[in-house]
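S.K.: Kindly generate the corresponding structure for this input.
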Amino acid sequence: MKRRIFCATATLVASIGFAGAAAAQTKWDFATAYGPGNFHSKNNELFVKEVDAATGGKLKITPHFGASLFKMPEIKRAVQTGNAQMGEFFLVSFQNESQIFGTDGLPFLVSSYDEAFKLYQAQKPALQKLLDKQGQVLLYSVAWPPQGIYTKKPVNSVADLKGMKWRVYSPTTARIGELIGAQPVTVQEAELSQALATGVVDGLITSSATGADNKLFENLKYYYNVQAWIPKNAVTVSKKAFAALDKATQDAVLKAAADAEARGWKESKEVDAKSIAALKAGGMSIETGSAQLKADLAKVGETVVKEWTEKAGADGQAILDAYKKAK
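M.R.: This next block holds a predicted model:
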């Protein structure tokens, strides 16, 4: 009898302990828009694993790749409203909300990863403040490879882009389309291959990584590596969800985030070289662009930066001033 009572008591204690552990576990959903093979997704997946290890499984983050939880334009809002605890979004796509989001999409403001990172540091305080007001905490931000121009036909000047059905993904790319006389068409990355195959678009400006991931060489012939700008993704967490964590777990998340940011920027450089090689292997002609094309694009860039600065006001000017000082 005593043995049965002891066993029953032990089982009850174990059950209570297990239930307590289960209750203590926090679960987050992480909404992303890119496929699992994308370098941003791989970096995010490693971040999730590092958080799991650092917290001993106390915080479980489930990544949802390929816009399977929310479509790309919906992810930021989902984090703001708490429908997803974490999300990754393309900063420049939300420039209409605030010019601050479009800082890294300003054409020909930076010409290297080092300069792009300095621009990020100049932008970061304003970005954090803006996201905080929207109920989000910026965890990390990782650059895409530099943006280049993809076309079906040779391009020697901006005049050759006139009338082209131009894929856009942000206010800046739309404005560039207007300035060069193209026909802007909004297409998300998940729909890009179909849009090209069906003739919805026949030219665009995007990264070498996006070009390689979507096999743009199947529909386009030329890639002009003009390195127009180096945009970033941002990974954010709901301010409310983050505040609910204990201090040790918060520190673990921030540590993993800092590591993901450093790792992501390094990987972006490597991906750029690999992606350009993949485009070439697929039969695409890799060009640097003629002197005339570069001069024409520089003029377009000057106009876009001037317009952005006027709209961004004192906050925007402060970012540009801080960046110039850092250079």
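S.K.: So, low pLDDT: which residues of this protein?
M.R.: Applying pLDDT under 70 to the chain flags the ranges 1-23.
S.K.: where do the helices sit along it?
M.R.: 2-24, 39-54, 72-81, 113-133, 171-179, 192-197, 208-213, 239-243, 247-281, 291-326 (DSSP state H).
S.K.: Out of these, the one nearest Gln95 is which?
M.R.: Closest approach to Gln95 among the helices of the chain (C-beta to C-beta): helix 171-179, 4.5 Å. C-beta: built from backbone N, CA, C; applies to glycine.
S.K.: Which strands and helices lie in contact with that closest one?
M.R.: With contacts taken as 3 or more C-beta pairs under 8 Å, 6 or more residues apart in numbering; DSSP states H and E, helix 171-179 sits against strand 165-168, strand 183-186, helix 291-326.
S.K.: Now do the buried residues in the second one.
M.R.: Residues of strand 183-186 classed as buried under the neighbour-count rule (16 or more other C-beta atoms under 10 Å) are Pro184, Val185.
S.K.: now do stretch 157-164
M.R.: Ser157, Val158, Asp160, Leu161, Met164.
S.K.: Tell me which residues touch the first one, please.
M.R.: With contacts defined as C-beta atoms under 8 Å, 6 or more residues apart in numbering, Ser157 is in contact with Ser290, Gln292, Leu293, Asp296.
S.K.: Restricted to buried residues, select the residues you listed in ChimeraX.
M.R.: The ChimeraX command for the buried members of the contacts of Ser157 (criterion: 16+ other C-beta under 10 Å) is given here:
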select :293,296
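S.K.: mind putting the contacts of Ser157 in a markdown table, distance to Gln128 included?
M.R.: Below are the contacts of Ser157 laid out as a markdown table (distance: C-beta to C-beta, whole Å):
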| residue | distance to Gln128 |
| --- | --- |
| Ser290 | 41 |
| Gln292 | 41 |
| Leu293 | 37 |
| Asp296 | 36 |
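S.K.: Kindly indicate which of the contacts of Ser157 lies nearest Ser112.
M.R.: Closest to Ser112, out of all of the contacts of Ser157 and judged by C-beta to C-beta, is Leu293, at 19.7 Å.
S.K.: OK, contacts around the spatially most central residue of the chain?
M.R.: The geometric centre of the chain, computed from its C-alpha atoms, lies nearest to Asn233 (C-alpha atoms, centre = their mean), at 1.9 Å. By C-beta under 8 Å, 6+ apart, the residues touching Asn233 are His40, Glu88, Phe89, Phe90, Leu91, Ser141, Val142, Trp144.
S.K.: do Lys269 as well
M.R.: By C-beta under 8 Å, 6+ apart, the contact list for Lys269 reads Tyr113, Pro145.
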